[in-house]
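Student: From the sequence below, what's the structure:
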Amino acid sequence: MQAIPYKSANESVLAGVSGQVTATIADAGPVTGQVRAGLVRAPAIAAPKRMEDFPDVPTMKEAGADVDAVLWSGIFVPKNTPPEIVQKLEGEFMRIARLPDVIARLKPLGIESVGNSSEEFTRILAADIARWTAVARAADIKIEQ
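Tutor: Got it, this is the predicted structure:
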């Protein structure tokens, strides 16, 4: 396999649909419409559990590859932000993330609106840093300077 860098997931999906590449890895948002239209096939997803919208698509682990990679987005504030401001922002973001209309708008993009607390997000972030640091070390991946 040869890695071909694209500027966006949309471009990589378009390359797959047009036959320029034989496979692509993309998050759910850019590829969901093409999967539903039958333009591309989803052999597996890299999440730890199957997607609600594609219950017949196995996870990579179920398909025999030990891959589990979840994309997430988070909100960060400067380190010296006063705790009361952090708490206020956290409460509002958690409330907004759980609104039915927000959940409904994000779902077609393949995005699960979670609304974790700062503590939960810190644990996720720390686990991902440790995990991907180990992967980079095992593969001898170095940052180019």
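Student: for the protein, what helix or strand is lowest in average pLDDT?
Tutor: The helix or strand of the chain with the lowest confidence, counting by mean pLDDT, DSSP states H and E, is helix 28-36 at a mean of 86.
Student: Packing partners of that helix?
Tutor: For helix 28-36, the packing partners by 3 or more Cβ pairs under 8 Å, 6 or more residues apart in numbering; DSSP states H and E come out as helix 9-17. In this view, the C-beta of every residue, glycine as well, is placed from N, C-alpha and C.
Student: Run the chain-centre distance for the helix it packs on.
Tutor: Distance of helix 9-17 from the chain centroid (Cα atoms, centre = their mean, to the nearest Å) equals 17 Å.
Student: what's the model's confidence in it, averaged?
Tutor: The pLDDT scores in helix 9-17 average 91.
Student: tilt between that helix and helix 28-36?
Tutor: 20 degrees (axes from the mean of the first three to the mean of the last three Cα atoms, to 10 degrees).
Student: Give me the contacts around helix 9-17.
Tutor: For helix 9-17, the surrounding residues in contact (Cβ atoms under 8 Å, 6 or more residues apart in numbering) are 4, 6, 21-27, 29-31, 34, 39-40.
Student: what comes up buried for it?
Tutor: The neighbour-count check on helix 9-17 (16 or more other Cβ atoms under 10 Å) flags 9, 11-16 as buried.
Student: next one: stretch 42-60
Tutor: Within stretch 42-60, the residues that count as buried by 16+ other Cβ under 10 Å are 42, 44-45, 47, 51, 57, 59-60.
Student: Now stretch 44-57 - C-alpha only, PDB.
Tutor: Output of stretch 44-57 as PDB, limited to C-alpha atoms (Å, rounded to 0.1, in the frame of the first residue of the first chain):
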ATOM      1  CA  ALA A  44     -14.800  -1.900   8.400                       C
ATOM      2  CA  ILE A  45     -14.700   1.000  10.800                       C
ATOM      3  CA  ALA A  46     -11.800   1.900  13.100                       C
ATOM      4  CA  ALA A  47     -14.000   2.600  16.100                       C
ATOM      5  CA  PRO A  48     -14.300   0.300  19.200                       C
ATOM      6  CA  LYS A  49     -18.000  -0.300  18.500                       C
ATOM      7  CA  ARG A  50     -20.200  -0.500  15.400                       C
ATOM      8  CA  MET A  51     -21.900   2.700  14.100                       C
ATOM      9  CA  GLU A  52     -25.600   3.000  14.700                       C
ATOM     10  CA  ASP A  53     -26.100   4.100  11.100                       C
ATOM     11  CA  PHE A  54     -24.100   1.100   9.700                       C
ATOM     12  CA  PRO A  55     -24.900  -1.800  12.000                       C
ATOM     13  CA  ASP A  56     -23.700  -4.300   9.400                       C
ATOM     14  CA  VAL A  57     -20.200  -2.800   9.000                       C
END
